[in-house]
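A.B. asks: following is a predicted model, sequence given first.
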Amino acid sequence: MNSKLSEVKNGGGDNLAATAMFLVDSLEGRANPAKGSIPVGPAEREEPTETPTSSPTSKIAVAPSRKLTPARNVAPPSVFENNGSGSTDATNLTSSSSGSRVLFATDEWFASADNLLLPTSPIFIPDLYCEQGKVMDGWESRRRRDAGHDWCVIQLSQRGQLFGLEIDTAHFTGNHAPRISVQSMDLQKSGSDTLSHISWMPGALERAVQGGGRIGSCKTPTEIALAEQACETVAQASGGCWTELLPITPLNPGYEETRLHTFLFDVPTTATHIRVNYYPDGGVARLKLWGRPIAYDGPSSQESSGLYSSVATTDSYTVIPHNSSGAMPSQCNFKDPELTLGGTGIMCSNKHFGVPQNLVQANLGVDMGDGWETARHPDRPAVLVKDPLTGLVDSLLQDWALLQLGTPAMHGVSRLILDTRHFKGNFPESVKVEGCFIDNSEELENAKWFPLVPRTRMGPDSEHVFTREKGQVEHAHHPVSHVRVSIYPDGGLSRVRLYGPTNSEGEQTIIRSLL
């Protein structure tokens with residue numbers, strides 16, 4: 001059964017703002033993409049734009065003939081992100097920085113399918129060539145000479161409800177894929193653990209081990225047939241089939257005026273994997289699938305990873321391992337914004353393997369190098385002994401980092417997340433977080449620090465969540481401009497995230513707490 005969709009063409013700032021407002025309305029139930037008025041801007045081409053007929057609700061406006069300009073190396077703004085007209089509650093579930101990966105691609109002769117998932121803007125370097133030909137920043141297959149068409153399978157970063165799609169053909173002007181379709185599959189419907197494994201697709205494990213696809217490579221007919229069979233088998237095992245998200249739809253070449261193709265789905269679809277089909281071949285620069293991660297709804301463990309951890313959810317905090325099947329807390333959309341975004345890692349006691357600036361980045365850590373990690377403390381005890389009262393290692397040795405929030409927590413801290421993503425053998429034994437409120441960093445020397453999170457045991461490759469609502473954040477209503485993160489005795493953290501209200505509602509919360 002085909003899912004209804006509508007296509008939105010970006011045609012300038014005014015149209016983009018109108019489209020963003022329409023998206024906000026549709027997500028909040030105030031508009032119906034199938035019946036409502038959809039903002040459509042000009043698709044400027046030297047020749048008329050082909051109008052897709054496979055979807056009755058798709059709309060593309062045809063503008064008068066005009067000379068096209070090369071695409072810039074900066075992607076246009078997305079209507080699914082906050083463009084100043086309000087939050088759209090959207091997450092790109094096909095971003096490699098958040099864990100999305102390509103499991104299989106029929107042909108990667110000119111450019112790897114992994115490029116589709118890059119979070120950066122597609123770049124064109126005119127004089128850059130390799131043995132296969134022109135180097136392109138996207139997924140580009142050969143000119144097909146055998147029966148069939150090219151396709152790839154992508155595992156989403158998290159299971160989620162999908163409501164929108166963006167396809168960017170930037171720089172692919174004479175070699176773009178002329179038509180494309182996208183299918184989805186929810187491999188968790190049957191309650192299986194398929195999402196946490198990639199071995200159902202032939203060659204996927206080998207691809208992951210080698211770090212992705214390789215240009216100059218293509219699959220044999222036998223390998224493609226086995227992959228097709230695997231897609232059918234896994235669909236049957238999950239009790240479903242591959243659902244059509246986007247029917248066969250024409251794509252425009254990658255000039256600046258025509259590069260971006262945006263689709264809104266009338267009915268959200270839950271999925272863990274997608275299949276992208278080129279008809280028959282060609283290239284696309286980026287593909288972004290927007291949706292809401294399905295929230296984690298219970299405790300999990302790290303048994304499947306073979307990684308022992310003595311840390312689990314208690315009354316003091318919630319611990320979510322990164323190999324959990326649900327969405328990670330930091331990737332969910334909370335009522336209060338993340339105040340560490342745009343912040344600064346000011347200074348630290350040691351930055352042997354990573355700098356504190358990494359702690360305040362928006363995305364999930366890519367690897368251990370994308371975090372703050374200190375050298376092993378040379379004075380650590382020869383034999384570790386635990387304090388019988390606290391259960392923590394009986395040592396005061398520590399490293400520390402000072403962070404300035406991107407937005408001061410004027411109404412206090414409602415949530416705090418300490419993330420040890422990728423730090424499986426070198427996470428801190430414990431962490432303490434303190435806060436202060438000053439006008440500028442020059443006053444740090446005389447700042448009065450107060451505890452937000454007392455020294456607390458950490459676990460490997462996990463998010464540790466502390467909330468004001470559960471009484472897990474101390475001095476939760478105090479204004480905070482800077483935080484001091486102390487790790488015992490050493491080790492690494494991937495991210496530190498603080499959330500808090502930024503409007504008068506926060507004031508009312510404080511007032512109610514004092515009554």
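C.D. replies: Cool, the structure landed.
A.B. asks: all strands of the stretch 251-400 of the chain, in order?
C.D. replies: Here the stretch 251-400 of the chain has its strands, by DSSP state E, counting those that start in this stretch, at 260-279, 283-284, 286-293, 318-321, 344-348, 372-373, 399-409.
A.B. asks: Arg457: which of the ones you listed is closest?
C.D. replies: strand 318-321 (9.4 Å; C-beta to C-beta). All C-beta atoms are positioned from the backbone trio N, CA, C, and that covers glycine.
A.B. asks: gap between stretch 110-126 and the chain center?
C.D. replies: Relative to the chain's own centre, stretch 110-126 is displaced by 17 Å; criterion: C-alpha atoms, centre = their mean, to the nearest Å.
A.B. asks: could you pull out the helices in this protein for me?
C.D. replies: Using DSSP state H, the helices of the chain run over residues 13-27, 204-209, 221-237, 504-514.
A.B. asks: and the shortest one, average pLDDT?
C.D. replies: The average of the pLDDT scores along helix 204-209 is 83.
A.B. asks: go on, the last one?
C.D. replies: The predicted model gives helix 504-514 an average pLDDT of 44.
A.B. asks: quick one on the thing from earlier: distance to Asn426 added to the strands of the stretch 251-400 of the chain, as a markdown table?
C.D. replies: Converted to a markdown table, the strands of the stretch 251-400 of the chain look like this (distance: least, C-beta to C-beta, whole Å):
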| stretch | distance to Asn426 |
| --- | --- |
| strand 260-279 | 30 |
| strand 283-284 | 39 |
| strand 286-293 | 28 |
| strand 318-321 | 16 |
| strand 344-348 | 16 |
| strand 372-373 | 7 |
| strand 399-409 | 12 |
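A.B. asks: of all those strands, which one is nearest Gly133?
C.D. replies: strand 283-284 (11.4 Å).
A.B. asks: contacts for the closest one?
C.D. replies: 110-111, 116, 136, 138-141, 167-169, 172, 175-177, 180, 251, 278 (C-beta atoms under 8 Å, 6 or more residues apart in numbering).
A.B. asks: what's the spacing between the closest residue to Ala111 other than its chain neighbours and Trp449?
C.D. replies: Spatial nearest neighbour of Ala111, chain neighbours left out: Glu140 (4.2 Å); criterion: C-beta to C-beta, 6 or more residues apart in numbering. Noted for Glu140: a distance of 54 Å to Trp449, by C-beta to C-beta, to the nearest Å.
A.B. asks: the two: which has the busier surroundings?
C.D. replies: Taking other C-beta atoms under 10 Å, Glu140 and Trp449 do not tie; Glu140 has more neighbours (30 against 12).
A.B. asks: so in terms of bridging, what pairs with that one?
C.D. replies: Per DSSP bridges, the residues bridged to Glu140 are Ala111, Gly283.
A.B. asks: from Glu228, how far out is it?
C.D. replies: Taken as C-beta to C-beta, the span from Glu140 to Glu228 is 22 Å.
A.B. asks: mind listing what the nearest residue to His422 once chain neighbours are set aside touches?
C.D. replies: Leaving out its chain neighbours, the residue that sits closest to His422 by C-beta to C-beta, 6+ apart is Met368, at 4.8 Å. By C-beta under 8 Å, 6+ apart, the residues touching Met368 are 353-354, 422-423, 426, 492, 494.
A.B. asks: let me know the pLDDT of Met368.
C.D. replies: pLDDT, read off for Met368, is 92.
A.B. asks: and the residue nearest the centre of the chain, what pLDDT?
C.D. replies: Nearest to the mean C-alpha position of the chain, counting by C-alpha atoms, centre = their mean, stands Ser98 at 4.0 Å. Note for Ser98: predicted pLDDT of 84.
A.B. asks: for it, which non-adjacent residue is spatially closest?
C.D. replies: Here the residue nearest Ser98, using C-beta to C-beta, 6+ apart, is Ser157, at 3.8 Å.
A.B. asks: my guess is that neighbour meets Ser100, correct?
C.D. replies: Yes: counting by C-beta atoms under 8 Å, Ser100 is a contact partner of Ser157 at 4.2 Å.
A.B. asks: quick check: neighbours shared by those two?
C.D. replies: With C-beta under 8 Å, 6+ apart, Ser157 and Ser100 have common neighbours 93-94.
A.B. asks: where are the low-confidence patches of the stretch 251-400 of the chain?
C.D. replies: 295-310, 325-326 (pLDDT under 70).
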